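K.L.:
Return atomic coordinates for the entry below.
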Amino acid sequence: MKTKTHLARWLAVMLLLLITGAGTMAQTTDDNPDFACVNTTQGYWVDLADGPNGTPGSTYDWAITSGPAGGWSFVSGQTTNHLEINWLLDGTYILEVVETANGCPGDPVTLTIIVEPNNTIALSSAAGTDAQTVCINTPIIDITYATTGATGATITGLPTGVTGIWSGDVVTITGTPSESGLFTYTITLTGGCGTVSTTGTITVTQENTIALSSAAGTDAQTVCINTPIIDITYATTGATGATITGLPTGVTGSWSGDVVTITGTPSESGLFAYTITLTGGCGTVDATGTITVTPDNTIALSSAAGTDAQTVCINTPIIDITYATTGATGATITGLPTGVTGSWSGDVVT
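P.N.:
The predicted structure is shown next:
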């Protein structure tokens, strides 16, 4: 309520009646007009030369002579020097009082009273901006509220990095949150009429994460072709899914319940560098690993045809027999006659 400081008593303006002889001569104070808030009860009285209880035998007749119909209700004191009014509608009113002393009515005293509506606040940015979800370190969509009546506002409950101000009847919330969590903010208007506030939420989400959750080294394993790999798993947070690329044929990857699982039996050999890319949530987060698939060992006669089934005389050298090998790291040779030996070196059995 915008009542002037020196009108503090009864929260109202004084109407002066200067008593002269048997009659009265009325005049108003400098505090005309007076201000009130809608839906409040205000007191108004005549300040009397004979004291606060009035002139003995005097009566008072109060009336609203101008203003919106039905905009007020007299609470008490309509025939005394102290009147209370409940203001129901905003608008401009003329309050009049006439004192009758010793049977003689005085001059009317009038006071202009401006009844102001309660403050208002309403979202003026796009619908839903007052309940938004953003990634940490990402600017929010500015949130604005149009206000009426207020002379300022306090804004509390915002995440670090986000601020709120009131200027020109507009509250603006803007910034880049640097902490995660659910933040419920409150805007409370100051000044003007009424206690008016509103709330909203800003949900700040952490960036996605991914970390190997199977045994160390499972993300860089070597297996033989057609042999199952050890399952590889990754724990994730924030994401709503994942894509997995670069796996050998026979091995698949899937995301479920915040876990990536790579499993299967490779049916092709080679070095396979796979990539996991999280989807949904916040940030661009990847993880990589390797699966090395070794082909089956091979062995093939590399000396002349028939050398692997030759006939020689005792104490006569055989024609050297050689085999080319792949994959192996060695070989054992059994069943040879005395004097004949076999060895493996450089992928060759001799």
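K.L.:
Surely residue 204 and residue 175 touch.
P.N.:
No. At 11.0 Å, residue 204 does not count as touching residue 175 under the criterion of C-beta atoms under 8 Å. C-betas here are computed from N, CA, C, even on glycine.
K.L.:
Looking at the two, which has the bigger crowd around it?
P.N.:
Using other C-beta atoms under 10 Å, the more surrounded residue of residue 204 and residue 175 is residue 204, with 25 against 16.
K.L.:
How about the secondary structure of the more buried one?
P.N.:
strand (DSSP: H, G, I helix; E, B strand; the rest coil).
K.L.:
Distance of it relative to residue 350?
P.N.:
In this view, residue 204 and residue 350 are 71 Å apart by C-beta to C-beta, to the nearest Å.
K.L.:
can you check residue 236 too?
P.N.:
Using C-beta to C-beta, residue 236 is found at 54 Å from residue 350.
K.L.:
One more: residue 77?
P.N.:
Using C-beta to C-beta, we find residue 77 at a distance of 127 Å from residue 350.
K.L.:
And for stretch 255-262, what's in contact with it?
P.N.:
210, 213, 229, 231-237, 239, 241-242, 244, 247, 251-254, 274, 276, 289 (C-beta atoms under 8 Å, 6 or more residues apart in numbering).
K.L.:
Can you point out the buried residues in it?
P.N.:
255, 260-262 (16 or more other C-beta atoms under 10 Å).
K.L.:
Then stretch 98-109?
P.N.:
For stretch 98-109, the neighbour count (16+ other C-beta under 10 Å) marks 98-101, 106, 109 as buried.
K.L.:
Which of these fall within strands?
P.N.:
Judged by DSSP state E, strands contain the following of the buried residues of stretch 98-109: 98-101, 109.
K.L.:
Kindly indicate which of the residues you listed lies nearest residue 44.
P.N.:
Proximity of these to residue 44 (C-beta to C-beta) peaks at residue 109, which lies at 10.3 Å.
K.L.:
Got the domain ranges for this structure?
P.N.:
35-116, 120-205, 209-294, 298-349 (the TED database).
K.L.:
could those go into JSON lines alongside mean pLDDT?
P.N.:
Formatted as JSON lines, the domains of the chain follow (pLDDT from 0 to 100):
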{"stretch": "domain 35-116", "mean pLDDT": "87"}
{"stretch": "domain 120-205", "mean pLDDT": "97"}
{"stretch": "domain 209-294", "mean pLDDT": "97"}
{"stretch": "domain 298-349", "mean pLDDT": "94"}
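K.L.:
circling back to that earlier point, show me how to select, in ChimeraX, the buried members of the contacts of stretch 255-262.
P.N.:
Per 16+ other C-beta under 10 Å, the buried members of the contacts of stretch 255-262 correspond to this ChimeraX selection:
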select :210,229,232,234,236,239,242,244,247,251,253,274,276,289
